[in-house]
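Engineer: Take this sequence and fold it.
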Amino acid sequence: VTLLWCGFFTVNIGISTFTWLAMSPGAWAWYNGVISYLLMAGLFALEYCYRRLFVINKKTS
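Structural biologist: Have a look, this model is predicted:
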């Protein structure tokens, strides 16, 4: 799971840099101010579900 977060933030840095260099300030603001946070929230929710289904069940078994 930690590697997934590292990969996510690496890709996020790349996209953020691309929007800064090649796109309009509005596109940069939308990605960095809205879209990236929604993606982080989605990944957090997936990790939470994964941990509830697999990690907690292994501890109680």
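Engineer: how near is the residue sitting nearest the centre point of the chain to Thr10?
Structural biologist: Nearest residue to the geometric centre of the chain (CA atoms, centre = their mean): Met40, 3.3 Å. The gap separating Met40 from Thr10 is 13 Å, by CB to CB, to the nearest Å. Quick note: C-beta positions are derived from backbone N, CA and C, even for glycine.
Engineer: And Asn32, by the same measure?
Structural biologist: In terms of CB to CB, Asn32 sits 16 Å off from Thr10.
Engineer: which one of the two has more residues nearby?
Structural biologist: Asn32 (15 against 10; other CB atoms under 10 Å).
Engineer: Need the three-state assignment for Trp28.
Structural biologist: Secondary structure for Trp28, judged by DSSP: H, G, I helix; E, B strand; the rest coil, is helix.
Engineer: Surely it and Trp20 touch.
Structural biologist: Yes - contact criterion CB atoms under 8 Å: Trp28 and Trp20 qualify, at 5.3 Å.
Engineer: Those two: who's more crowded?
Structural biologist: Counted by other CB under 10 Å, Trp28 and Trp20 do not tie: Trp28 has more neighbours, with 17 against 13.
Engineer: how far away is the nearest residue to that one once chain neighbours are set aside from Val34?
Structural biologist: Nearest residue to Trp28, sequence neighbours excluded (CB to CB, 6 or more residues apart in numbering): Thr19, at 4.3 Å. Separation of Thr19 from Val34 (CB to CB): 12 Å.
Engineer: Those two: which is more packed in?
Structural biologist: Set Thr19 next to Val34 and count neighbours by other CB under 10 Å: Thr19 wins out with 20 against 10.
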